[in-house]
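**Student:** model this:
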Amino acid sequence: MKRGALAKATGSNIETIRYYEKIGLLPEPERTASGHRLYSLDDEKRLKFILRCRELGFSIAELRELLGLVDTDDYTCGDVLAISKQHTHDIERKIADLKRLKRTLDQMSAECSGDAVPECPLVDALFE
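**Tutor:** Predicted structure coming up:
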């Protein structure tokens, strides 16, 4: 299939496919005599894997690590689990950071009257 068909089949766009090719997550596809890229069902499956991992918040580095395991065909479930657990830990840390951020913004917002006055403690706090 051509790049447009791959984009449609995976719900992505052409630029996304180009990007993943450029950074080496997708292999260089076969080409027709006229130079059109041709993607296989394996390419489609790999792209879907990449897109799903990105939806789950895996970084490009984590994705490279996962694909590196899969590509060598010499991995265990434990290898994949270790990457997943580290990613889960990173998510938990981000959630804690976001909760802290929310508390800070709530505290700053509580000091703002919301009235139609030219002075706002929220703006003052953001300038600190």
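**Student:** average pLDDT for the top helix by length along the chain?
**Tutor:** Using DSSP state H, we find that the single longest helix of the chain is helix 77-110. The average pLDDT within helix 77-110 is 93.
**Student:** that helix - contacts with which helices or strands?
**Tutor:** With contacts taken as 3 or more C-beta pairs under 8 Å, 6 or more residues apart in numbering; DSSP states H and E, helix 77-110 sits against helix 60-72, helix 121-127. In short, each C-beta sits where N, CA and C put it, glycine included.
**Student:** pull the CA atoms of the shortest one into PDB?
**Tutor:** Just to be clear, that refers to helix 121-127. The C-alpha trace of helix 121-127 is given here as PDB (Å, rounded to 0.1, in the frame of the first residue of the first chain):
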ATOM      1  CA  PRO A 121      -2.900  39.000  43.200                       C
ATOM      2  CA  LEU A 122      -2.800  36.000  40.800                       C
ATOM      3  CA  VAL A 123      -0.900  38.100  38.200                       C
ATOM      4  CA  ASP A 124       1.300  39.500  40.900                       C
ATOM      5  CA  ALA A 125       2.100  35.900  42.100                       C
ATOM      6  CA  LEU A 126       2.900  34.800  38.500                       C
ATOM      7  CA  PHE A 127       5.400  37.600  38.200                       C
END
